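A.B. asks: predicted structure and sequence below. I'll ask about it afterward.
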Amino acid sequence: MKRLRRKRQKAGVVVNGSFSREPDCGKKHKLAEINQALISDPVDIETLRRAAASKGGLLTDELRRKVWPKLLNINVYDLPHKPGRDVRDSHKDYNQVVLDVKRSMKRFPKGMPARERAALQEQLIDIILEVLKQNPQLHYYQGYHDVAVSLLLVVGERMAIALLETLSNFHLRDFMDPTMDSTKHILNYLMPILEQVDRELHDFMVRAEVGTIFALSWLITWYGHVLSEFKHTLRLYDFFLASHPLMPIYLAATIVLHREKEVKQTECDMAMVHHLLSRIPQDLPYELLIGQAQDLFEQYPPPLLAKKAALQSRKSLSISTFQAFQLSTLHQRPDSVLQRLTKAQGSTASRHGLEAALPGDRGQLWGKGNRMVKMAVWGLSATLGAAVFAVAQTALDWGPDVLLQLF
Amino acid sequence: MAEIGSSVEFSGSLSSSALPPPRTRIFKIIVIGDSGVGKTCLTYRFCAGKFPEKTEATIGVDFRERLVEIDGEKIKIQLWDTAGQERFRKSMVQHYYRNVHAVVFVYDVTNAASFRSLPAWIEECKQHALGTEVPRILVGNKCDLQDSIQVGTDVAQQFADTHSMPLFETSAKNPNSQGDSGGANSDHVEAIFMTVAHKLKSQKPLVLSQPPMGSGVTVNLNRGRDDGGDGAKGWGCSSC
Ligand SMILES: Nc1nc2c(ncn2[C@@H]2O[C@H](COP(=O)(O)OP(=O)(O)OP(=O)(O)O)[C@@H](O)[C@H]2O)c(=O)[nH]1
Ligand SMILES: [Mg+2]
């Protein structure tokens, strides 16, 4: 976790290395860094993650189209096909999806012609149903469409399907159970974070019995449902795509902490506090809060919170699969190579390699262990060499499972 | 923005600078029913005085309120607008059933399925110890869509009677569009929530113990149905 070793004052002044001193050069430098990371072989995923989380995020949609797939280990030359007409046939969630998408007008750019928006809304319905159809273990929830639309608007239909499918099986997985119990479990991490940082605020909220539902839509839509400026949503998506699945909760904590004074001045009453908190200010200092969320994550990592708060050790699929997921992103080939390979193979690569190879609960590899695993990956890549990569259908197929067995 | 012009909702009668005096009673009313029946539109109509141009799916629970005056007493009406999708019911909305004073069940008159879901919603309420002693009303929304009605008034009335609730049919979109009974009524939705408020005000033990005052205001609903004043039967004060 060396990437988090930046010095920050407690008050939250972000010192972002060279960026804060020379903003323009910083941006240029960042662009170059991202592009370099993208052409490295294997792709320099650590640098991409750092770029996505650090000031300004991934800067442009063009870069997002290149980097988002890498963050999710997706081969852009082997994308799912456009959904066929039958995708809408008799799906149990069809009506709900249509209802939600029809009411999602606000998510589209204001100046967009109605016809174009309508066409995108149709695509939105299709991509959601396509992912649900291919993954019967996933259950639609209201708010899922807010995630889907954010992806669709940046990367287009086919890539959106691929991204959404991976996100749904990992970062969003807990929200997609048949019930919301796992989601509630994730929300339960919020109060313990507050308790660590500001006991008084925490106790106030407990007395008000406000609960955590005010943060529900933040969590399950990655704030897409509550932010009116799409650029802010994108900034957060960059961050979350590069982070642990619990990061939206840490960000929620920083938002509540940021409004600490307001909260404490409110009447200590559930309705009042819920109302205050659920209306997210649109002028939040996002960069600052993102930095703080990373700090909180480092200071109070999920296992620590779980212990302190005696969170019942309910199994979170998003959390337990994250390790393997991250490992799987470590040995991606750059796009130029992928293009060549994918063409050569007639794109028979299995997109589901990782899902099939998911390990069970292998304990905490997060932290130091992570680095060891990473080194093992590098070791293997070096030993086996590029030839093996070329033969393997995707690097993924022999990825996390094999490696995790080493430990 | 979190919800359709949330700030507007407060501008009508309750501005942040004019906080109500400490003795202001608060009536908490939860609004439930299937997704898409118009819960958000109805609560918005009551609190902001208009039909929202765009609504979005409600995720979790949204909260709206409005300060009204009944018989010279200022009362805060808090509406809890809940998510309709079934998965949110069980684990999420739960928290908000506590301490509510009244329940508004909503179905969509153009959607028979939303009407068929009502028993499940009623059951849900019962599980949270909101039985028949809590005033409950049934609202059939979207009456402006006269050509696509799937749930007739007679069927709905029968259902309401069985469950000892008064029935109101209305439209959050166009409250004046019910052609059949005309009338000078300007805002049916307003009248519905005010009826509930009157009912609550006339109940004795509520929120803060204040001497109950007789509700002298007549609420005029243009469907000509027995409303607010229809006593024990309609309001389900009887035990069943
Ligand atoms: N014609 C007509 N349409 C209405 C009326 N009330 C609501 N609608 C429409 O019905 C759709 C759903 O309304 P909402 O208020 O968002 O429904 P909801 O019950 O809050 O739904 P969830 O938040 O998903 O539980 C929207 O497109 C509204 O514009 C009405 O009285 N007449
Ligand atoms: Mg709603």
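C.D. replies: Perfect, I can see it now. Ligands and ions are numbered 1, 2, ... in the order given.

A.B. asks: which residues of chain A lie near chain B?
C.D. replies: Contact residues, chain A versus chain B (C-beta under 8 Å from any C-beta of the partner chain): A:96, A:99-100, A:103-106, A:139, A:141-143, A:145, A:178-181, A:183-184, A:211, A:213-214, A:216-217, A:220-221, A:225-226, A:228, A:271, A:274-275, A:278-280, A:282. To be clear about C-beta, it is placed using only N, CA and C from the backbone, and glycine gets the same treatment.

A.B. asks: of these, grab the buried ones for PyMOL.
C.D. replies: If you want just the buried ones from the residues of chain A next to chain B in PyMOL, going by 16 or more other C-beta atoms under 10 Å in any protein chain shown, the selection is:
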select buried, chain A and resi 96+99+100+103+104+105+106+139+141+142+143+145+180+183+184+211+213+214+216+217+220+221+225+226+271+274+275+278+279+280
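
A.B. asks: what number of residues lie near residue 136?
C.D. replies: By default, I'm working from chain A. Neighbour count of residue A:136, defined by other C-beta atoms under 10 Å in any protein chain shown: 7.

A.B. asks: hmm, no, I was thinking of chain B.
C.D. replies: Residue B:136: 23 surrounding residues under other C-beta under 10 Å.

A.B. asks: now it: closest residue in space that isn't a chain neighbour?
C.D. replies: residue B:103 (4.5 Å; C-beta to C-beta, 6 or more residues apart in numbering or on different chains).

A.B. asks: name the residues linked to the one you found by a beta bridge.
C.D. replies: Residue B:103 forms beta bridges with residue B:30, residue B:136, as assigned by DSSP bridges.

A.B. asks: burial check on residue B:44, number of neighbours?
C.D. replies: 27.

A.B. asks: apart from its neighbours in sequence, what residue is nearest the residue sitting nearest the centre point of chain B?
C.D. replies: Central residue of chain B (C-alpha atoms, centre = their mean): residue B:104, 4.2 Å from the mean position. Spatial nearest neighbour of residue B:104, excluding adjacent residues (C-beta to C-beta, 6+ apart): residue B:31 at 4.6 Å.

A.B. asks: these two touch, right, the one you found and residue B:77?
C.D. replies: No - using C-beta atoms under 8 Å, residue B:31 is not in contact with residue B:77, being 11.4 Å away.

A.B. asks: so what does the host helix or strand of residue A:289 touch, helix or strand wise?
C.D. replies: If you go by DSSP states H and E, residue A:289 is part of helix A:286-299. Judged by 3 or more C-beta pairs under 8 Å, 6 or more residues apart in numbering or on different chains; DSSP states H and E, the packing partners of helix A:286-299 are helix A:190-197, helix A:230-241, helix A:247-258.

A.B. asks: report the buried residues of that helix.
C.D. replies: A:286-297.

A.B. asks: what's the residue in chain A sticking out farthest from the centre in contact with, if anything?
C.D. replies: Going by C-alpha atoms, centre = their mean, the residue of chain A most distant from its centre is residue A:267, 34.7 Å out. Counting by C-beta atoms under 8 Å, 6 or more residues apart in numbering or on different chains, residue A:267 touches residue A:273.

A.B. asks: what does the pLDDT read for residue A:155?
C.D. replies: For residue A:155, the model assigns a pLDDT of 95.

A.B. asks: returning to what we had before: tabulate the buried residues of helix A:286-299 (CSV), appending pLDDT and distance to ligand 2.
C.D. replies: CSV is the format used below for these (pLDDT from 0 to 100; distance: C-beta to the ion, whole Å):
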residue, pLDDT, distance to ligand 2
A:286, 96, 27
A:287, 96, 33
A:288, 97, 32
A:289, 97, 28
A:290, 98, 30
A:291, 97, 35
A:292, 97, 32
A:293, 98, 29
A:294, 97, 34
A:295, 97, 36
A:296, 97, 32
A:297, 97, 33
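
A.B. asks: neighbours of the closest residue to residue A:134 other than its chain neighbours, how many?
C.D. replies: Among residues not flanking residue A:134 along the chain, residue A:165 sits closest, at 6.7 Å (C-beta to C-beta, 6+ apart). Look at residue A:165: counted by other C-beta under 10 Å, it has 23 neighbours.

A.B. asks: residue A:165 and residue A:229: what is the separation?
C.D. replies: 27 Å (C-beta to C-beta, to the nearest Å).

A.B. asks: ok, and what's touching the helix or strand the residue nearest to residue A:134 falls within?
C.D. replies: Taking DSSP H and E as the criterion, residue A:165 maps to helix A:157-169. Outside helix A:157-169, the residues that touch it by C-beta under 8 Å, 6+ apart are A:65, A:68-69, A:72-74, A:76, A:79-83, A:123, A:126-128, A:130-131, A:134-135, A:138, A:144, A:147-148, A:151-152, A:155, A:176, A:241, A:321, A:351, A:355.

A.B. asks: apply 6 Å and report the result again.
C.D. replies: The contact list for helix A:157-169 (C-beta atoms under 6 Å, 6 or more residues apart in numbering or on different chains) reads A:72, A:74, A:79-80, A:123, A:127, A:130-131, A:138, A:148, A:151-152, A:176, A:355.

A.B. asks: run through the strands of chain A in chain order.
C.D. replies: Here chain A has no strands by DSSP state E.

A.B. asks: again but with chain B, I slipped
C.D. replies: B:25-32, B:61-70, B:73-82, B:102-108, B:136-141, B:167-169.
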